[in-house]
Structure formats: structure tokens, C-alpha cells
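Undergrad: Sequence below, structure please.
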Amino acid sequence: MPGDKSRKIRLMTVLALLAAAGCGATGKHGPGAAAEASPQVGGTAPAGPSASPAKPPGPPGVTPGPGEVRRIPRPADGLPPVISSIPTRRKVVFLTIDDGWEQDPGFVRQVRQERIPIAAFVTRDAVEAQGAADPTAQGGRYLGAGKWDYVRSMREAGATVENHTLTHPDLPALGYEGQRAEICGATRLIRRQTGTAPTLLRPPFGNHNTLTRRAAGACGMQALLLWTATVQPGGKIAYQVPDKKLRPGDVLLLHFRPNLSRDFRILVDKIRRRGFELGNLDAYLRAAGVTR
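TA: Numbers count the residues shown, from 1 in each chain. This next block holds a predicted model:
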């Protein structure tokens, strides 16, 4: 009958529509499956096993807030200034390390993993383990172990690499040309080995004169950086002030010595327990108008 035929046609149409809808929702093929496999617009695909974590943004250590740092005036003679601390009231200190004899990989790991800001003032002879090692560096497990590869690993971990001369001489005893050869020679070497030229000089033993500053300026140095406290074996801080306390803006001097990784960890923990932060020296010097 015509009515039965009409009902049959409508029933077949409904069944076909239901089948198509089911395939689109749950089937392994067709437009529904393609939509399920593709990420939504604006979404992020899940990272695979080989995906590496994003590098943390910005430089390591704390950076100054607006107006925090007083500017350091340029000397009247136009030569690089001599600085031993940063003019700030914030409880922040700065870590620096000299020479380069003991090349402890644990130290670099800590700098990298904890994003600790540090400025390394290296000498050619120490990094390359030429000549007699500094007595305080003898007996270490990693004396000259990595040479310039080690310095590059520090830089990749976030450290800045600065100038401590080629051979660690008493600079004022050399005269102008001798000082310039030591400072400019180290600058050229550091640029060649790391890809970046230093901007700071730490004169060996802290000894300097006007000719040192003149030679430093000729070699591209923007400041001579000294220190306010030294760090001894065991992470002990030797202060140069009567109250024997850390002060805001202090610059601490370490050396590449045996047990560096252990002593460095002790030092960092001690600084933090006393309520101080670790500052990014480069950022603070720029805020003080010393470097560009």
C-alpha cells in the first residue's frame, strides 16, 4: 500500500541519518576522527618524550627596581672608575670568582640549575693550567680539567666572563705598555674563546694605579671591580668591615679552589639564611651608569 511504502522510506531515511551520526562521533575514519586527532584552534599539542623544558626568561639573579641604585659618577679624569660595592639599600650581594685553576663541574651545575648569578674573572695561565698553580689551588681534583671548555660551560650556565689579565702579575710594577699587553691580551683571548669581550677588570691582588686605569680604558674596560669581602675554604666569609656583617651591595670574592662545589653551596645557603638575595652584577652596574 502507498502508506506502508511511505512509512518504509521514512524509516530507512532515519536509520541512515543515525548511522551517519554514529560514524562521525565514534568511528575510526571520517571527518569526526580527523577533528578528534587535531588540536583545537589556539590549543597546544602535548609535548612528546623528546621535548625539552623552556629556558627560564631573563638573566640569573635579582635585578634592580626603578630608582633603586644610585648612579656612580664618572671620574673627572675620564678613566674607568674603581668600584668595590654597589650603591643600593636592598639586601643584595654579588658573587665573583677569580683565576680559573680548579675547574669543578659541580660548581657549574649549581650555577646552572639554581640560576645563581656569578661573574668569573679569569686568567689565561690559570684556565690553561700553565706554570705553577696558585698554592691555594693545589691539591684539587679538577686542576685545569676543562680549560676553555669549562669557561664556556660557565658562560652557557649564565655566568659572565671578565678580565683578570693573562698571567696574574702585579700590574703597577709593569708600566703602561706592560699593563696594556696583559689586559688587552686577556680581552682578545676571552673574546676569541667565548664570543664576548669582557667589560670589567679585576687587577690581580687588587693592585692598581692611574696607568692601570688608563690601560684598562684603552682595552675596552668600563670599570675596575674590587671587593668588600673574601670567601675562605669552608665557605667562611672574611669581612673587611669592623662589624663583620654583610651589607647591601657587597661584592664577595671567591677563588677556583679545591672543594669549590661544596664551599659554594655552603656560602650560598649562608647568604640566604641572613636574608640577602643574589644580585645580577651586570644589571646593577648598568643601572648605576657604569656599563652599557
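
Undergrad: Please make it C-alpha for all contacts and neighbour counts, starting now.
TA: Noted.

Undergrad: Next SSE downstream of the lowest-mean-pLDDT helix or strand in the chain?
TA: One helix or strand of the chain scores below all others by mean pLDDT, DSSP states H and E: helix 31-37, with a mean of 33. Scanning forward in sequence from helix 31-37 by DSSP states H and E, the next helix or strand is strand 82-83.

Undergrad: okay, now the nearest residue to residue 115 once chain neighbours are set aside: neighbour count?
TA: Leaving aside its chain neighbours, residue 115 sits nearest to residue 60 (5.1 Å; criterion: C-alpha to C-alpha, 6 or more residues apart in numbering). Using other C-alpha atoms under 10 Å, residue 60 has 22 neighbouring residues.

Undergrad: for residue 234, same thing?
TA: When neighbours are defined as other C-alpha under 10 Å, residue 234 has 14 of them.

Undergrad: go on, residue 243?
TA: 8.

Undergrad: residues in contact with residue 162?
TA: 119-122, 190, 197-202 (C-alpha atoms under 8 Å, 6 or more residues apart in numbering).

Undergrad: partner residues bridging it?
TA: residue 121 (DSSP bridges).

Undergrad: ok, now how distant is it from residue 265?
TA: 22 Å (C-alpha to C-alpha, to the nearest Å).

Undergrad: Is there a neighbour count for residue 266? I'd like the number.
TA: Neighbour tally, residue 266, other C-alpha under 10 Å: 14.

Undergrad: do residue 286 as well
TA: Residue 286, neighbours per other C-alpha under 10 Å, totals 14.

Undergrad: Give me the buried stretch members for stretch 172-185, please.
TA: 172, 176, 179-185 (16 or more other C-alpha atoms under 10 Å).

Undergrad: Same check on stretch 281-292?
TA: Judged by neighbour count using 16+ other C-alpha under 10 Å, the buried positions of stretch 281-292 are 281-285, 287-288, 290-291.

Undergrad: and those residues as CSV, adding pLDDT, distance to residue 147 and secondary structure?
TA: Shown next, in CSV, are these (pLDDT from 0 to 100; distance: C-alpha to C-alpha, whole Å; DSSP: H, G, I helix; E, B strand; the rest coil):
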residue, pLDDT, distance to residue 147, secondary structure
281, 98, 24, helix
282, 97, 24, helix
283, 97, 28, helix
284, 98, 29, helix
285, 98, 28, helix
287, 97, 33, helix
288, 97, 33, coil
290, 97, 30, coil
291, 94, 28, coil
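
Undergrad: Throw those into a markdown table and include distance to residue 126, thanks.
TA: As requested, the buried residues of stretch 281-292 are exported to a markdown table (distance: C-alpha to C-alpha, whole Å):
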| residue | distance to residue 126 |
| --- | --- |
| 281 | 23 |
| 282 | 24 |
| 283 | 27 |
| 284 | 28 |
| 285 | 26 |
| 287 | 32 |
| 288 | 31 |
| 290 | 28 |
| 291 | 26 |
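
Undergrad: check contacts around residue 245.
TA: For residue 245, the contact set (C-alpha under 8 Å, 6+ apart) comprises residue 239.

Undergrad: pretty sure residue 185 is in a helix, no?
TA: Yes - the assignment for residue 185 is a helix, going by DSSP: H, G, I helix; E, B strand; the rest coil.
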